[in-house]
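Enquirer: Need coordinates for the below:
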Amino acid sequence: MKKHLRIAMAAACAFAMVGAFALFGCSSTEQKADEPKADEPKAESHEAVELQLFAANSLSKAMDAVQELYTQDHDWVTFKDTQYLSSGELNEQLAGGAYADVLISASKAKMDEAVDGGYVDEATRFDLFKNDLVMVTGENSELAAKYGADQSFTLADVATGNYAVAVGDESVPAGNYADQALSTVGCYTDPSGKTGSDITGKGGTFDGTPLDGKVNLQTSVGNVCKQAESGAVDVAFVYSSDVYRFGGVKVIGVVPNDTHKKIIYPAAVCKDSKQAEAAAEFLDWATTDADAKKLWQEWGFELVTE
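Expert: Numbers count the residues shown, from 1 in each chain. Alright, predicted model coming up:
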């Protein structure tokens, strides 16, 4: 009897041990629903980043679209109210102590000034866009009906003195380029006596030229474009990208590239940026991402790297 009892107890213990091992095995191999599998990558966490951009006025709509695209895949990044001003005004803001993470200028000369002023990190500077200078008129104007694909309006036509013209003032790079081009047909006089790309497009005068009393100066290239759209002037000198940005105008002529300095938009990370790495990452993405490139093209901007 005792022997049978010992056998029964041993069998019971063995059964209990088997059950315990089985239970342990299940609990150790089952994957909890809220735990990632070993071969699944864990989601990368990022600290929230806010970027402040200072960009040339002509970039406004294109940059807004690109920033929106960027935040779709980089939801930890937000953009503070981007400042769109003339390149000269952007430098003035930085000189006055304004904070920015990125500066994009519409002029190499203006970026040179930003470097000299210590506003940007020169090591991060690169050429971002290139652009064309064009002559536009209101869509419903007489010039729009006359000039187009078959016949182009030229600088020589401007030099007849028969047309009111709008250009940017000295703080606006597009105005500097226009002055350089106009100097080649005797419509702008530089103190040095030189013309074209050999001058800055500053410090000269329209007095005593065919455009004497016929030039409407504006503080931004956007305002220049609006002068043509409204019919306040016959012809306005703007960037080709402004036609996409504003509409209401028609290109009647392209200003020859050899009459002015190359139109380049340099970009750089600001020297006092607290988010320098994130700022550099955004600029790199903006020049390499396929969808970003399409957006720039849609708004009339051509990347220098293309």
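Enquirer: give me the beta-bridge partners of the closest residue to residue 249 other than its chain neighbours?
Expert: Closest residue to residue 249 apart from its sequence neighbours, by CB to CB, 6 or more residues apart in numbering: residue 136 at 4.0 Å. (Each C-beta comes from the backbone N, C-alpha and C, glycine too.) Here residue 136 sits in beta bridges with residue 236, residue 251, as judged by DSSP bridges.
Enquirer: Can you tell me how far residue 136 is from residue 219?
Expert: 18 Å (CB to CB, to the nearest Å).
Enquirer: Those two - which one has more neighbours?
Expert: More crowded of residue 136 and residue 219, by other CB atoms under 10 Å: residue 136, with 31 against 18.
Enquirer: start to end distance for stretch 74-91?
Expert: 29 Å (CA to CA, to the nearest Å).
Enquirer: which stretches of this structure form helices?
Expert: Using DSSP state H, the helices found in the chain span residues 2-29, 60-73, 87-95, 108-116, 142-146, 155-158, 173-183, 221-230, 240-246, 276-288, 290-298.
Enquirer: Minimum distance to residue 258: which of these has it?
Expert: Residue 258 lies closest to helix 173-183 among these, at 9.4 Å (CB to CB).
Enquirer: where in the stretch 201-306 of the chain is pLDDT low?
Expert: Across the stretch 201-306 of the chain, nothing is flagged by pLDDT under 70.
Enquirer: make it 90
Expert: 220-222, 244-247, 305-306 (pLDDT under 90).
Enquirer: can you tell me how far the most centrally placed residue in the chain sits from residue 241?
Expert: Centroid-nearest residue in the chain: residue 63, 4.7 Å away (criterion: CA atoms, centre = their mean). Separation of residue 63 from residue 241 (CB to CB) stands at 11 Å.
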